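Q: fold the following for me, if possible:
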Amino acid sequence: MKRLIKTMMAFGFIMAMSTVHAGANIEAGKEKSTACAACHGAEGVSASGMFPTIAGQHADYIVHALKSYKSGARNNPIMQGSVAGLSEQDMADLAAYFASQTGLKTLKK
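A: Predicted coordinates:
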């Protein structure tokens, strides 16, 4: 029974994450990304090791990170200020845009 409950909870979480991205708009994300460019680069590829490259990152991870900065679960004053005014739709759009860019590479074995 516990296994069934855990499975149902995991399925619910996956469905909730899918719903967040279902209405995401890459072009809207591109328009909203101008503030991000100062640190992360115009297309999400950082020119400095001080800031992470977010191009090519998984959209669900980007949404999770943005929400964590907004809630204070992740502590970074610059990011907290940057995300303070973002709506759920803004986060989904930004995540879709950066996820659609080329940046991060997966090593093949």
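
Q: what is the subsequent helix or strand relative to the helix or strand of the chain with the lowest mean pLDDT?
A: For the chain, counting by mean pLDDT, DSSP states H and E, helix 2-22 ranks last in confidence among helices and strands (a mean of 53). Next along the chain after helix 2-22, taking DSSP states H and E as the criterion, comes helix 26-32.

Q: can you name every helix or strand that that next one contacts?
A: Packing partners of helix 26-32 (3 or more C-beta pairs under 8 Å, 6 or more residues apart in numbering; DSSP states H and E): helix 88-99. Any C-beta I mention is one placed from the backbone N, CA and C, and that applies to glycine too.

Q: tell me the mean pLDDT over the helix it packs on?
A: For helix 88-99, mean pLDDT rounds to 98.

Q: helices or strands up against that helix?
A: If you count contacts as 3+ C-beta pairs under 8 Å, 6+ apart, helix 88-99 packs onto helix 2-22, helix 26-32, helix 59-71.

Q: give the rounded mean pLDDT of the shortest one.
A: Averaged across helix 26-32, the pLDDT comes to 97.

Q: hmm, who's touching it?
A: D90, A92, D93, L94, A95, A96, Y97, F98, S100 (C-beta atoms under 8 Å, 6 or more residues apart in numbering).

Q: quick one, what contacts the last one?
A: Under the criterion of C-beta under 8 Å, 6+ apart, the contact list for S100 reads I26.

Q: quick check: it vs R74, distance?
A: 23 Å (C-beta to C-beta, to the nearest Å).

Q: and the fourth one, by the same measure?
A: When distance is defined by C-beta to C-beta, L94 is 16 Å away from R74.

Q: the two: which has the busier surroundings?
A: Neighbours per residue (other C-beta atoms under 10 Å) separate L94 from R74, with L94 holding more: 28 against 15.
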